[in-house]
Each structure stands twice: as structure tokens, then as C-alpha cells.
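**Q** Below is the structure, and that's it, no one-letter string:
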Ligand SMILES: *Cc1c(COP(=O)(O)O)cnc(C)c1O
């Protein structure tokens with residue numbers, strides 16, 4: 001049995017010829033056209049309960065770059081300007097801060113939830129007073145962060161927040177609302193083909209503040225606050241109409257696809273003894289794959305080897321973590337982060353795709369349990 005790590009299944013555009021025809025008939029291919037407008041409207045209604053605003057972007061990395069720039073008050077304009085984030089995340093988070101002229105500083109994570117550790121964040125904010133220009137927490141693997149805590153942190157330290165929620169589109173918070181609902185700062189989601197909200201490339205920035213979303217949208221269109229006149233920083237971060245159509249089609253079957261992923265995840269949980277699963281913080285998490293930590297006394301490389309021999313695709317998000325990667329080592333403030341080091345050493349990302357069947361998970365777990 002051969003099992004890939006992921007088998008992305010974005011909406012089949014070849015079966016949406018009529019809708020593609022509509023784009024051609026409209027003559028509008030980008031620049032917030034009718035498909036994009038329809039998608040943004042539906043997203044707010046169907047995921048965020050009609051509360052707040054959003055603007056699409058061509059991918060979440062550009063979304064993070066725009067968001068970090070947009071919330072930057074320039075307060076710490078002399079000397080170092082630090083972007084506080086976990087090292088247990090994807091390269092995009094740190095790159096986005098560096099593009100905004102900031103220096104990443106990495107906090108540790110919580111051992112159970114793998115989310116940024118509150119104590120570690122506060123220690124850094126206290127140790128570098130006035131130097132942290134933005135906090136960029138990552139909602140690890142589609143989890144829900146405690147956004148109330150970040151609002152409080154922002155007030156106490158006078159620092160804006162940008163949430164890297166790349167994998168959390170469709171995750172429900174504790175109260176059952178779409179993760180991010182009502183948050184005044186930018187929450188950046190990815191619609192990359194490998195994420196659970198799978199399109200081709202794309203992203204969306206959510207915030208409850210309409211002014212901020214208008215600004216982000218303007219920044220993503222060359223900063224043209226007036227016709228053909230740049231009035232603020234800008235770049236081209238727009239989503240094409242074809243990509244917006246893909247996102248619209250995704251919305252149609254999204255709830256059932258998340259439910260499917262939750263069922264697959266639970267099937268893994270029931271069969272892997274001694275492996276550590278992420279402590280859940282969401283009422284429903286949009287699982288992209290099944291991340292686990294190998295048991296303390298087991299060599300992760302041996303498990304990986306056994307999976308490879310059995311023809312089972314897998315990955316190791318996030319090994320190496322950011323502060324182990326040379327470019328970020330050269331361009332960040334190094335601090336000890338022992339929990340991250342341990343989780344990163346033991347992490348193993350197991351296969352998941354929507355048409356995966358339970359027998360395939362049984363096989364993966366059998367191979368792993370045998371190797372242990
Ligand atoms: C996927 C991902 C991104 C980047 O999203 P793109 O849409 O591919 O640019 C950023 N941060 C994290 C944590 C991610 O997992």
C-alpha cells in the first residue's frame with residue numbers, strides 16, 4: 001500500500017467551465033472583481049458569522065508582510081525593531097517580519113498545545129522594553145489561540161498583533177465561532193493547496209476593523225489610496241478572479257471536508273499509544289495533517305525510516321525550527337527555547353487527505369506501532 005503525505009484536492013476547475021465562462025464574459029480577471037467580492041462576502045457570512053471584514057491576498061506570506069507593515073506604528077523607529085514570534089512555525093512568518101525591516105525574536109512554545117508560551121512571550125516583552133514592534137503568534141497546525149490574552153498583552157505593552165493563522169481557516173474557537181471572529185488586529189489565513197482550505201494559491205486577511213481592512217486592501221493594490229496615486233506603502237498582493245472562483249467552490253464543500261478531517265484525526269488518536277498529540281484548544285480544528293511527537297524513548301529517525309520503507313509519505317513540521325535555519329540564525333535574536341527544541345526533535349507529521357480511508361490509517365499506525 002502506497003500512501004502519500006498529502007493528496008491535495010482543490011476544487012476541480014475543469015468541472016466549472018460555466019463559471020470560468022462567466023469570468024471571461026465579465027472581462028474582469030483581477031483587481032477585486034465580482035468573484036472576489038462574492039467570496040469575501042460569503043466568507044464573512046459563512047465562517048465569521050457575519051461579523052467583521054476581510055480582504056483576499058495572492059498568498060498568506062504576502063498577507064503577513066502587508067499586515068505587519070500595516071500595524072507598524074513606527075513607534076520603535078530608532079534602534080532595533082523586534083518581531084516576537086515562535087520558532088516553531090513556518091519560514092514565512094519570519095521572512096514577513098524581515099521584509100518589514102524587523103528582526104525576529106523567538107519565544108518558546110507550550111509543551112501541550114505547541115502554541116506560543118505566554119510566560120516566554122511576557123519575559124521577552126519585559127526584557128526588551130520598547131523594542132518589540134509587533135507580536136506574531138502562530139495558531140499552530142490550525143489550532144485556536146486565546147485571542148483575549150493577546151488583546152490584553154497588546155494593551156499592557158502597547159504592541160500591535162498580527163496572527164499567523166495560516167492553517168486555521170475553518171477552525172472553530174471554544175465558543176464555536178470561526179477562529180479570529182471579532183479580533184481587531186489582522187488574522188492571516190492561507191488558502192494554499194496543501195492547507196485544509198485548499199485552493200491553488202491564495203490567502204485572506206480578516207479583522208473586525210473596517211478601516212484596517214480598507215488599508216490592507218489598498219496596500220495590496222500598490223498603495224493606491226487615490227486613483228493611480230500611492231498614498232501608503234504598497235505592493236501587488238491581489239487575488240486573481242480564477243483563484244477567487246476556486247475559493248468560492250471550496251466554500252461549497254468545506255464543512256463536510258473539515259468534518260472528514262476531524263474523523264481521520266480521531267482515528268489516528270485511537271491507535272497510536274505513547275505518541276503525544278496536540279492538546280486541543282479549539283471546538284473544532286481544521287486538521288491539515290496529523291502531527292505527533294514520538295515517545296521519549298523512541299528514536300524518531302527509526303520511525304521515519306520504517307515509514308519510508310513501507311511506502312508511507314510523511315514530514316517533520318517543524319524540524320528544523322526557525323532558529324535552526326542558517327538565514328534566521330544570522331538575522332534574529334537567539335534565546336534558549338528548550339520546549340521548542342524538544343518538540344522539534346520529536347515531531348512527526350502523518351498523512352492526511354480528504355479521500356483517505358480508515359484502512360490506510362490502520363496501516364500507517366500498524367507500521368509505526370511495529371517499529372516502536
Ligand atoms: C502555509 C503557511 C504560511 C504561508 O502561506 P502561503 O499561503 O503558502 O504563503 C505561513 N505561515 C505558516 C505557519 C504556514 O503554515
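**A** That came through fine. Nothing here was measured: the structure is a model prediction, and the numbers come from that model.

**Q** Counting neighbours, which bits of stretch 140-148 end up buried?
**A** Residues of stretch 140-148 classed as buried: 140, 141, 142, 143, 144, 145, 147 (neighbour count, 16 or more other C-beta atoms under 10 Å). C-beta: built from backbone N, CA, C; applies to glycine.

**Q** Now do residue 174 against residue 144, distance only.
**A** As for residue 174, its distance to residue 144 is 7 Å (criterion: C-beta to C-beta, to the nearest Å).

**Q** so what's in contact with the two at the same time?
**A** 281, 282, 283 (C-beta atoms under 8 Å, 6 or more residues apart in numbering).

**Q** Include pLDDT and secondary structure when you put the residues you listed into JSON lines, please.
**A** Below are the shared contacts of residue 174 and residue 144 laid out as JSON lines (pLDDT from 0 to 100; DSSP: H, G, I helix; E, B strand; the rest coil):
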{"residue": "281", "pLDDT": "97", "secondary structure": "coil"}
{"residue": "282", "pLDDT": "98", "secondary structure": "coil"}
{"residue": "283", "pLDDT": "97", "secondary structure": "coil"}
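
**Q** By neighbours, which of those residues wins?
**A** residue 281 (21 neighbours; other C-beta atoms under 10 Å).

**Q** my read: it touches residue 172, true?
**A** No - contact criterion C-beta atoms under 8 Å: residue 281 and residue 172 do not qualify, at 10.8 Å.

**Q** joint contacts of the two?
**A** In contact with both residue 281 and residue 172: residue 144, using C-beta under 8 Å, 6+ apart.

**Q** Stretch 330-343 - what's its average pLDDT?
**A** For stretch 330-343, mean pLDDT is 97.

**Q** tell me which residues of that stretch are tucked away?
**A** Result for stretch 330-343 [16+ other C-beta under 10 Å]: buried residues 332, 337, 339, 340, 341, 343.

**Q** how about those residues in JSON lines, adding distance to residue 268 and secondary structure?
**A** Output for these, formatted as JSON lines (distance: C-beta to C-beta, whole Å; DSSP: H, G, I helix; E, B strand; the rest coil):
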{"residue": "332", "distance to residue 268": "34", "secondary structure": "coil"}
{"residue": "337", "distance to residue 268": "27", "secondary structure": "coil"}
{"residue": "339", "distance to residue 268": "23", "secondary structure": "helix"}
{"residue": "340", "distance to residue 268": "23", "secondary structure": "helix"}
{"residue": "341", "distance to residue 268": "25", "secondary structure": "helix"}
{"residue": "343", "distance to residue 268": "18", "secondary structure": "helix"}
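
**Q** from these, which single one is nearest residue 266?
**A** Set against residue 266, the nearest of the buried residues of stretch 330-343 by C-beta to C-beta is residue 343 (21.7 Å).

**Q** Tell me which residues touch the closest one, please.
**A** So residue 343 contacts 88, 109, 111, 114, 293 (C-beta under 8 Å, 6+ apart).

**Q** Kindly report the same for residue 29.
**A** 23, 240, 241, 242.

**Q** what about 6 Å?
**A** Neighbour list for residue 29: residue 241 [criterion: C-beta atoms under 6 Å, 6 or more residues apart in numbering].

**Q** now it: how far from residue 198?
**A** 22 Å.

**Q** again with residue 183
**A** For residue 183, the distance to residue 198 - C-beta to C-beta - is 24 Å.

**Q** what does residue 361 give?
**A** 19 Å.

**Q** Helix or strand: which one has residue 248?
**A** Here residue 248 is covered by helix 241-269, with elements defined by DSSP states H and E.

**Q** for the record, mean pLDDT for that helix?
**A** Here the average pLDDT along helix 241-269 is 97.

**Q** Ok, stretch 123-133 next?
**A** 96.

**Q** How about residues contacting that stretch?
**A** Outside stretch 123-133, the residues touching it (C-beta under 6 Å, 6+ apart) are 76, 80, 81, 82, 84, 102, 107, 157, 159.

**Q** and what of stretch 184-197?
**A** With C-beta under 6 Å, 6+ apart, stretch 184-197 has contacts from 6, 8, 10, 60, 63-64, 67, 161-167, 169-170, 180, 199-200, 202-209, 247, 286, 288.

**Q** Get me the contact residues on the stretch 1-150 of the chain for the ligand.
**A** Residues of the stretch 1-150 of the chain lying close to the ligand (C-beta under 6 Å from any ligand atom) are 59, 60, 61, 89, 90, 92, 93, 138.

**Q** Tell me if the third one really is in a helix.
**A** I take that to be residue 61. Yes - counting by DSSP: H, G, I helix; E, B strand; the rest coil, residue 61 falls inside a helix.

**Q** nearest spatial neighbour of it, skipping sequence neighbours?
**A** residue 92 (4.3 Å; C-beta to C-beta, 6 or more residues apart in numbering).

**Q** Check what pLDDT the one you found gets.
**A** So, for residue 92, pLDDT stands at 98.

**Q** and it, what element?
**A** Short version, using DSSP H and E: residue 92 is in helix 91-99.

**Q** which residues touch the nearest residue to residue 218 once chain neighbours are set aside?
**A** Distance criterion C-beta to C-beta, 6+ apart; nearest residue to residue 218, sequence neighbours excluded, is residue 225 at 5.3 Å. By C-beta under 6 Å, 6+ apart, the contact list for residue 225 reads 218, 231, 232.
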